[in-house]
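K.L.:
show me the folded form of this:
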Amino acid sequence: MQLSGIQPFLKGLALSLLLSAAACETNPPVQEMSDARQALAVAKEAGAPERAAFHFKAAQDHLESAARALTLRDYTEARRDARQAKMKALDALKAAGSADGTD
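P.N.:
Numbering: from 1, shown residues only. Predicted coordinates:
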């Protein structure tokens, strides 16, 4: 087996993987924003604004921050904040269920 032929291949593979990863961060986080909005809507329906106000407000704040970052085309920050919004909304949903005694 000739190792000198593998080195250029590995370098090319590494470069293509790096470019693929970078491309993911340059696209708007459409799915993440949608997921966060849906999670907030479900939490709201479950009464989270009243029963889990702290978590619900945190989710709203993260979603607003994601929207601002999206406007500025800071897709990495928008993606991160949208994911945080979803997690906080799920926390609010869980806390609302616990406060309701249905958990």
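K.L.:
which is the next helix or strand following the helix or strand of the chain with the lowest mean pLDDT?
P.N.:
The helix or strand of the chain with the lowest confidence, counting by mean pLDDT, DSSP states H and E, is helix 6-26 at a mean of 65. The C-terminal neighbour of helix 6-26 among helices and strands, as given by DSSP states H and E, is helix 30-45.
K.L.:
which parts of that next one are buried?
P.N.:
Neighbour counts over helix 30-45 (16 or more other C-beta atoms under 10 Å) mark Glu32, Met33, Asp35, Ala36, Arg37, Ala39, Leu40, Ala43, Lys44 as buried. From N, CA and C alone the C-beta is placed, and that goes for glycine too.
K.L.:
what are the buried residues along the helix or strand just after it?
P.N.:
Reading on from helix 30-45 to the C-terminus, the next helix or strand found by DSSP H and E is helix 48-51. By 16+ other C-beta under 10 Å, the buried positions in helix 48-51 come out as Ala48, Arg51.
K.L.:
what helices and strands are in contact with helix 48-51?
P.N.:
Contact here means 3 or more C-beta pairs under 8 Å, 6 or more residues apart in numbering; DSSP states H and E; on that basis helix 48-51 packs against helix 53-71, helix 75-100.
K.L.:
out of everything not next to it in sequence, what's closest to the residue nearest the centre of the chain?
P.N.:
Centroid-nearest residue in the chain, with C-alpha atoms, centre = their mean: Arg83, separated by 2.1 Å. Nearest residue to Arg83 in three dimensions, chain neighbours excluded: Glu32, at 5.7 Å (C-beta to C-beta, 6 or more residues apart in numbering).
K.L.:
give me every residue that touches that neighbour.
P.N.:
Contacts for Glu32 were tallied using C-beta atoms under 8 Å, 6 or more residues apart in numbering; they are Ala66, Ala78, Arg79, Ala82, Arg83, Lys86.
K.L.:
hmm, 7 Å instead?
P.N.:
Residues in contact with Glu32 (C-beta atoms under 7 Å, 6 or more residues apart in numbering) are Arg79, Ala82, Arg83.
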